[in-house]
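[1] sequence first, then the predicted structure, then my questions.
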Amino acid sequence: MGLKEREDYYKANNAEELLYALKNKESYIIIQDDFKKEFEENTQLPLTETEEIGFQLGFGGTAGIWSEIFFQIINASSKGSKQQKKIDSKIRKYNVKKLNENEILLYLRQLDY
């Protein structure tokens, strides 16, 4: 990915910036440097595309509806900050891709269609 391609990407360096980008449904979000480690430790990452396909096929396509209901119930009753719960909830609309050792790319799932 070249530098020109990254000009329109939102760069999140802390949880507040990430939550702002998720609320505004930024198409591409880059998690960088120091925040990358904190992000990986604290965030419940969504299923990968391969895991999602297997999950959907196993439940005849209805898994998405039921899994979202259960996720919201579990997320509401879990420990953790209110801010982190919002991040965990909103990040489910994104795919996650590790760009290199220092960066993670989040991009909206709808961009794959």
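    Perfect, I can see it now.
[2] which secondary structure elements does the helix or strand harbouring residue 87 sit against?
    Using DSSP states H and E, residue 87 falls within helix 82-90. Here helix 82-90 touches helix 15-23, helix 63-77, going by 3 or more Cβ pairs under 8 Å, 6 or more residues apart in numbering; DSSP states H and E. Just so you know, the C-beta spots here come from the backbone N, C-alpha and C atoms, and that holds for glycine as well.
[3] worst mean pLDDT among these?
    Between the helices and strands packed on helix 82-90, the one with the least mean pLDDT is helix 63-77; it has a mean of 58.
[4] hang on, residue 106 packs against residue 28?
    Yes: between residue 106 and residue 28 there is a contact at 7.2 Å, judged by Cβ atoms under 8 Å.
[5] more crowded one of these two?
    Each of residue 106 and residue 28 has its neighbours counted (other Cβ atoms under 10 Å); residue 106 has more, 25 against 18.
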